[in-house]
Structure formats: C-alpha cells, structure tokens
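1. Sharing a sequence plus its predicted fold:
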Amino acid sequence: MKLTPFFQYLEFEKRFSAHTITAYRKDLMQFQQYLSHTLGIDDMGEVRHSHIRSFMVSLITEGRKARTVNRKLSTIKAYFRFLLRKGDMKEDPTLKVSAPKLPKRLPGAVRKEALDTLFSKVQFPDGYEGSRDRLILEILYATGMRRSELIALRVGDFNWAQQEILIRGKGGKERLVPVGRSLIHEVEQFLKWRSELPEAAEEQTLLLTAKGKPMYPKLVYNIVRKYLSVVSPDERLGPHSLRHSFATHLSENGAELNAIKALLGHSSLASTQVYTHNSVERLRAVYQQAHPSAKSKD
C-alpha cells in the first residue's frame, strides 16, 4: 500500500496541518496492518466493503468508542476517494459501509443544590450590573429560554397581571411561559436601576449593557459562566446549561414531557426526550433498591 502520495496530497493540496496528517497516517497504518496481518491483503485493489467492516468490528471489540471508529472510517474514505481520482481504483469499497451511530451526548445541567447556593448565598454587586447579572441567571433558569431569546426579550413582553413572559423563539414562533411572583419582583426592582441608564428609555430590549446598549451573546455567556463557576467546577457550563437545568428539574419533579416541550419551544418531542434521562436514572435507582427481583441474591 503506497501511502506517501496521499500524505503529500493532504499536505500540499489540502493544506492540512502536520497534526492532522499524523492522525491520518496512524489510522491508515493501523488499517494496513490489519489488512496484511489479519486478512492477508496487501493490495488495495482487493479491498472490499466487508474487509472494512471487519476492521471496524475489530476496533469496537477492542473497546474503541464510536467516535474513534468514525474518525478512522473517515480517514479510510478519504484515502479511497484519492485513489479513485488518481484512477488506481474503479470502485469505492467504502460506499457500502455505514458509520457507527454516536451515542447522544446528554446535556449538562447544574445541580439543584448548586443553584440554590447561587441564588441564596452568592453576593451580587450593588447597582445596575449586579441586579442585571442576577436577573439574567434567574430568567434563564426560571423560563428555560435560549440565550438569543433572552437578548431579544423586551420590557413589554412581561404580562405583570398574568405573571407570564412572551418569548420569541426560533422561526418567529412565540410562546407564553408562566413565571413566579419572585421573578416578577426581581424584574420590577431591576427596572428601577435600568431607568437610570443613559438613553435606556429609547431601548426596547430589557437587558442592557452598563452604557445602555443592547446585550450581546458573548457578554451574556461571560456573565453566566462567571457566576456558575462559583458554585460548580464544571467548565462546560454556560447559558444553555440553565435551559438544560430548567428542563431536567421539571422532569425530575414529575412534569409531563409535552408540557416541558411547550415550555422549551421545541417543535419535536424527540428533542425533549433527552431530559427524561435523569428521571429514568433516578427511577432505576429506586427500583434497584426497592424491588425484590432487582436485589442481588447471596
């Protein structure tokens, strides 16, 4: 198997980095070794889709993760496409090979205890910015809205009498989300600080910078990350984590999936089902502890 022309192609035509080329080299060398030592194949022209599948099965049997197997398959596909373009092969044996399904990554949520600490014990600075930062966290967790929805939120989107917020979601879809009296009170207090900002009266959006301008995504992320890092060591947590927390905690407390779907503004129930994971794990723990057939027998 002549690999050098392929690596030259990656370096000089595709302009891949040295690190990427090294990864490609390792994957192809491993594939070549498997073909030669296990299947007795030294000619690429003899490779069929069944041989590639066999290689993938061997990787999975060794305990390699689906993501790793997919990366190696991607390398092999790139190599055979290269051989086809050069005219060294007439058919691509990878066309009949499907990549392993990747497991769904469960969204990260902030623990209820950590959020309790955040809102009851963490000190926010006095003044407009402290009030705004706390309100950002409160709204995200209390409503499950997206960061973009938060930034677009207007003062007029609050129905004070009904204790509801009008949220403008993806694709222009709107939804009403009920909120508690405590959040309404937070907003009312915040508006007093907001009214003192220069030119604030000319801005329709609720949340503004200290200069009275509309908020932007990076600023919201930095604020949320700053305060979540105080109560959680997880560096991946950000604004979307509070949306996940909202849905996860509703599910854990028995909320119906369709209700959570409506509150989140999901168009498909499949998008909401991921939030049942923690509830299922909790039920499994209860089952294993309480059900006679689940207990180990000595």
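-> Right, received. Where do you want to start? Numbers count the residues shown, from 1 in each chain.
2. in this protein, which spans are strands?
-> 158-159, 164-168, 174-178 (DSSP state E).
3. Any idea which of these gets closest to Gly254?
-> Proximity to Gly254 (Cβ to Cβ) singles out strand 174-178 among these, at 16.9 Å. Placement of C-beta: from N, CA and C, glycine included.
4. Counting by contacts, list what that closest one packs against.
-> When contacts are defined as 3 or more Cβ pairs under 8 Å, 6 or more residues apart in numbering; DSSP states H and E, strand 174-178 packs onto strand 164-168, helix 257-264.
5. weakest of the ones you listed by average pLDDT?
-> Ranked by mean pLDDT, these bottom out at helix 257-264, with a mean of 92.
6. can you give me the angle that helix makes with strand 164-168?
-> Computed with axes from the mean of the first three to the mean of the last three Cα atoms, to 10 degrees, the direction of helix 257-264 lies at 70 degrees from that of strand 164-168.
7. Just checking the distance from helix 257-264 to the centre of its chain.
-> 19 Å (Cα atoms, centre = their mean, to the nearest Å).
8. Quick one: neighbours of the residue lying closest to Tyr24 once chain neighbours are set aside, just the number.
-> Distance criterion Cβ to Cβ, 6 or more residues apart in numbering; nearest residue to Tyr24, sequence neighbours excluded, is Thr75 at 5.1 Å. Residues lying near Thr75 (other Cβ atoms under 10 Å) number 20.
9. Ok, Leu140 next?
-> Leu140 has 24 nearby residues by other Cβ under 10 Å.
10. got a list of what it touches?
-> Neighbouring residues of Leu140 by Cβ atoms under 8 Å, 6 or more residues apart in numbering: Arg147, Leu150, Val224, Pro239, Leu242, Arg243, Phe246.
11. switch the cut-off to 10 Å
-> 146-147, 149-150, 220, 224, 238-243, 245-246 (Cβ atoms under 10 Å, 6 or more residues apart in numbering).
12. Output those residues as CSV; include the columns neighbour count.
-> Converted to CSV, those look like this (neighbours: other Cβ atoms under 10 Å):
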residue, neighbour count
Arg146, 18
Arg147, 19
Glu149, 22
Leu150, 24
Val220, 20
Val224, 23
Gly238, 18
Pro239, 22
His240, 16
Ser241, 22
Leu242, 27
Arg243, 23
Ser245, 24
Phe246, 24
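13. Restricted to helices, list those residues.
-> Arg147, Glu149, Leu150, Val220, Val224, Pro239, His240, Ser241, Leu242, Arg243, Ser245, Phe246 (DSSP state H).
14. any idea how far the second one lies from Tyr275?
-> To tie it back to what came earlier, the one meant is Glu149. As judged by Cβ to Cβ, to the nearest Å, Glu149 and Tyr275 stand 18 Å apart.
15. Repeat that for the fifth one.
-> Between Val224 and Tyr275 the distance is 19 Å, computed by Cβ to Cβ.
16. Measure how buried Leu73 is and give me the count.
-> 22.
17. My read is that it contacts Ile52, right?
-> Yes: taking Cβ atoms under 10 Å as the definition, Leu73 is a contact partner of Ile52 at 7.4 Å.
18. Identify the contacts common to the two.
-> Phe31, Thr94, Val97.
19. Kindly reformat these as CSV and extend each row with pLDDT and distance to Leu206.
-> CSV is the format used below for the shared contacts of Leu73 and Ile52 (pLDDT from 0 to 100; distance: Cβ to Cβ, whole Å):
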residue, pLDDT, distance to Leu206
Phe31, 95, 56
Thr94, 95, 52
Val97, 93, 52
